[in-house]
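Student: Can you look at this prediction? I've put the sequence above it.
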Amino acid sequence: MKALPFATALLVLAATPAFAGSPAHYKVTFDGTWSAETHPLEYPAGAHFSGLVGATHNGDFAIFKEGGIATAGLERLAEMGAHKPLDDEIRAAIETGKAGVLFEGQPIFGPPGQADSAFDIDEQHPMVSLVAMIAPSPDWFAGAANVSLLDNGAWVARKTVPLYAWDAGTDDGITYRAPDADSQPRGPVILNKSLHFNVNGERRAVATVTFTKQ
């Protein structure tokens, strides 16, 4: 086989996924759109989102998945807005190579509103998952799972994902301010079927998250 000229070889290598998918830095903008106008049923006083908790990861890790059972960390986040022990669960996944980095954001009080955070991502952990409590609520959270930022071997320049309301399956409450009622046994994590988030038969997002490559 005839050897390629050096300059041509560099162009070929630069076009491969290994080069196009080198580590990248992203800003993530959490845009909380949940409000009395968008979700009027019993919209609560003191409405807010907890700060985001997110991770980059591969296919062997999940902060949550539809039909799965919430971890202790997700339960605490969904019921109380606490980042711990979910942050510790992510750090444990980082130690085993299943996750790449942990990132966190600030709460949004009196939505609508925005909060920014940032993270680095690599080819070994090309997906992102993130969650934030919808507060007050029994165990409801906004989230997205397994969002890939790698497309055909290249990092996407910008990606916006709608965030819907989820039910963590750890509390039986059905209203924003329902008294604590632990689910025994725990139910699966599901998209929230409540009329609070489904208006006239339409499931309405409570937020969006936008990933912008820096």
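Tutor: Ah, there it is. Residues are numbered from 1 along each chain as shown.
Student: Contacts for stretch 197-214 next, please.
Tutor: Contacts to stretch 197-214, defined as CB atoms under 8 Å, 6 or more residues apart in numbering, come from residues 24-34, 38-41, 49, 52, 111, 118, 128, 130, 132, 134, 142, 144, 147, 149, 155-165, 191-192. C-beta here means a position set from N, CA and C on the backbone, and glycine is covered the same way.
Student: Would you show me how to pick out the buried ones of these in ChimeraX?
Tutor: Of the contacts of stretch 197-214, the buried ones can be selected in ChimeraX as follows, counting by 16 or more other CB atoms under 10 Å:
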select :24,26,28,29,30,31,32,33,34,39,49,52,111,128,130,132,134,142,144,147,149,155,156,159,163,164,165,192
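Student: among the contacts of stretch 197-214, which are in helices?
Tutor: Assignment to helices by DSSP state H places none of the contacts of stretch 197-214 there.
Student: so D122 touches G100, yeah?
Tutor: Yes - using CB atoms under 8 Å, D122 is in contact with G100, at 5.8 Å.
Student: anything in contact with each of the two?
Tutor: Contacts common to D122 and G100, judged by CB under 8 Å, 6+ apart, are T56.
Student: Pick out whichever of these two has more residues nearby.
Tutor: G100 (24 against 14; other CB atoms under 10 Å).
Student: got a list of what that one touches?
Tutor: G100 makes contact with A55, T56, H57, I94, D120, I121, D122, Q124, H125, according to CB under 8 Å, 6+ apart.
Student: Let me have the residues you listed in a markdown table, extended by pLDDT, secondary structure and distance to L77.
Tutor: A markdown table is the format used below for the contacts of G100 (pLDDT from 0 to 100; DSSP: H, G, I helix; E, B strand; the rest coil; distance: CB to CB, whole Å):
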| residue | pLDDT | secondary structure | distance to L77 |
| --- | --- | --- | --- |
| A55 | 98 | strand | 12 |
| T56 | 98 | strand | 18 |
| H57 | 98 | strand | 16 |
| I94 | 98 | helix | 18 |
| D120 | 98 | strand | 23 |
| I121 | 98 | strand | 22 |
| D122 | 97 | coil | 25 |
| Q124 | 96 | coil | 25 |
| H125 | 98 | coil | 21 |
